[in-house]
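Undergrad: Got a sequence here, can you build the structure:
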Amino acid sequence: MDMEKYRKTFLSEAKRHVATVNKSLLELEKNPTETAMMDEMFRALHTLKGMSATMHYDNMEKLCHAMEDVLDGIKNEKIDLTGNTTDALFECFDFLDLSLKQISENKPEGNVATLVDGLKRITEGEEGEVKGEAGLATMPHTLEKIQAIEVDVETLDTLMNLTEELLISKLKLDQIKTEAGIDELTYVVDSLERVVEDTQYNIMQARMVPVGFIFNRFPRMIRDLAKQENKQVNLIMEGNEIKLDRALLDEIGEPLIHLLRNAVDHGIESPTERKEAGKKTEGTIRLTAKREKGYAIIEVEDDGRGLDLEKIKKSAVKQGLIFKEGGGKEQIMDLLFKGFSTTKKVTNVSGRGVGLNVVKNKVDNLGGEIKVESNPGKRSKFMIKLPLTLAIIKALFVGVGDQQYAVPISFIERLVSVKEKDVKGVLNYETIVLDEEDIPLIRLNNLFNIESNAESSDNQPIVVVKKEEEKFGLGVDSLLDEQDIVVKPLNKAVRENKYFAGSTIIGSGQAILILDVANLVVIRKKINEEHDVSAQPIEVVE
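TA: A predicted model of the protein is given here:
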């Protein structure tokens, strides 16, 4: 395992534990009968010893172990808490401080042999001083620079809002710069742009929180659920250090709870069932987070009974949701996210149908994707793909009539232009063909009841978007520019429209609506179910 990526966390935690034992020993020296201080020192040293062993800092581990022996002797009244003993312990604390400083500077640990031998003599009842080879007692003690501080979430949110306003002001200056054509103004605005970008990046980094903040809540939940269901379940968590925007992390907790509860209730079998199936009686749920380009991938996998696709299909046919001759694997899997369930059992733990419906809606609203894999009798895996942040995104601006709209770049697969005569279809359903693939088309001017002001009908600009496996084209009047935008929430009246995911402000001060591609997928599917039109190959201009 590459432990280098955990070094910063180790140093931060280790410094806190060294500070704790220092403070506790000072109090203990004043009040030798204060057992609470002794217990606190033991806890801090024991934790530091374990952390050091994990990080392979062997010298630090040995020193902590020797110090524990001395404290144990003091606690059991085998060693007197004399001046020599406390001096020896303080000497060791100083050495730990110096070792941590050396580690932070990529230097090797110091030699602890002399210190460990001195502590060993104390545990054996011998007198004498304990001196480290670094001569710490003769070194001037200086205050170390503060490397990290805690900041209130509200303060970070305020900084984020100020950054968003700064970005909007910068966009306005960009427009003024273009219109004015003054070299000096251009230089100043370009310099400001770099500062704004750096500020934006660093504020975003400050808002990023390890997924461990929510992952660490789940072991106790799994333990209690397993006990309630009379099952044996082991939860394995990986990737706790992966970071997400705090606002997004707050939202993803509920979907993960649904998936984990489902895994315990519906996925993992009882110990008897598992034994009969030739499995270990203890089931395993694996919760994993990892990075993939500009996205975070969170997976919930269990080694339980899996999804019985034939059973799901039969139940769906019986309920009239699919025809017998239809119902491919993807369509059957898709039913799981629409409130469909094959079980009649109602439990306090989960509901595979309703729960997954909630998960799908929440993930869609976050601009993410969810997929499921299953091997009947062996495993199920749910994979959630999420953007790392929701506050600032890249978007393409498009013109429709006298209006502008923003399309998130993360959903755009390609931009094409086709001849109007080659768009095939009837009524509200039209298609084009790209690379021998039928691409349904939604004209935004028709969808929003806006009169088109396209200059020519010779070429139709189309933005091809993709959400999971669904792909379709957005017909627009013009393709404008691409830029970073600040996502603002919608008021209630606009939010109920379902076509839009948010809004943003451009340089002119105009509010621009951001298209909700996930909900447009639903609209496109409804149109597809109502019409069956074949498309013919057409000439495409990229």
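Undergrad: Going by neighbour count, list what's buried in the top strand by length along the chain.
TA: Of all the segments of type strand in the chain, defined by DSSP state E, the longest one is strand 282-292. The neighbour-count check on strand 282-292 (16 or more other CB atoms under 10 Å) flags 283-289 as buried. C-beta coordinates here come from the backbone N, C-alpha and C atoms, glycine included.
Undergrad: and the residue nearest to the spatial centre of the chain, what element?
TA: In the chain, the centroid-proximal residue (CA atoms, centre = their mean) is L244; its distance is 3.7 Å. Assessed by DSSP states H and E, L244 sits inside strand 243-245.
Undergrad: and the helix or strand encompassing M160, average pLDDT?
TA: Applying DSSP H and E as the criterion places M160 in helix 153-180. The average pLDDT for helix 153-180 rounds to 81.
Undergrad: Could you give the separation of it from the chain centroid?
TA: Helix 153-180 sits 26 Å away from the centroid of its parent chain (CA atoms, centre = their mean, to the nearest Å).
Undergrad: tell me the domain ranges of the protein?
TA: Structurally, the chain divides into domains by automatic domain parsing as follows: 4-138, 153-209, 217-387, 392-541.
Undergrad: thinking again about what came up before, kindly state the beta-bridge partners for the residue nearest to the centre of the chain.
TA: Applying DSSP bridges to L244 gives these bridge partners: V209.
Undergrad: which parts of the helix or strand just after the helix holding M160 are buried?
TA: Downstream of helix 153-180, the next assigned helix or strand under DSSP H and E is helix 183-207. Within helix 183-207, the residues that count as buried by 16+ other CB under 10 Å are 189, 192-193, 196, 200, 203-204, 207.
Undergrad: Likewise for stretch 238-246?
TA: By neighbour count on 16+ other CB under 10 Å, the buried set for stretch 238-246 is 239, 242-246.
Undergrad: Low-confidence bits of the stretch 351-500 of the chain, can you list those?
TA: 351-355, 390-391, 426-428, 455-457, 489-497 (pLDDT under 70).
Undergrad: So I257 sits against I222, correct?
TA: No: using CB atoms under 8 Å, I257 is not in contact with I222; the gap is 10.6 Å.
Undergrad: who has more neighbours, those two?
TA: Between I257 and I222, I222 has the larger neighbour count (other CB atoms under 10 Å), namely 21 against 18.
Undergrad: got the contact list for the more buried one?
TA: When contacts are counted by CB atoms under 8 Å, 6 or more residues apart in numbering, I222 touches 233, 235, 260, 264, 285.
Undergrad: 10 Å instead?
TA: 231, 233-235, 237, 260-261, 263-264, 268, 285, 287 (CB atoms under 10 Å, 6 or more residues apart in numbering).
Undergrad: now swap in T20 and tell me
TA: Counting by CB under 10 Å, 6+ apart, T20 has contacts 40-41, 43-45, 47-48.
Undergrad: Would you write a PyMOL line that selects the buried entries of the residues you listed?
TA: Buried residues among the contacts of T20 (16+ other CB under 10 Å), as a PyMOL selection:
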select buried, resi 40+41+44+45+47+48
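Undergrad: for the contacts of T20, which one is nearest A395?
TA: Ranked by distance to A395 (CB to CB), the contacts of T20 are led by T47 at 46.7 Å.
Undergrad: tell me what the helix or strand containing the closest one is packed against?
TA: Following DSSP H and E, one finds T47 within helix 35-54. If you count contacts as 3 or more CB pairs under 10 Å, 6 or more residues apart in numbering; DSSP states H and E, helix 35-54 packs onto helix 7-30, helix 58-75, helix 83-104.
Undergrad: Serialize those helices to CSV and add fields for mean pLDDT and distance to K378.
TA: Listed next are the helices and strands packed on helix 35-54 as CSV, based on pLDDT from 0 to 100; distance: least, CB to CB, whole Å:
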stretch, mean pLDDT, distance to K378
helix 7-30, 85, 36
helix 58-75, 90, 41
helix 83-104, 87, 44
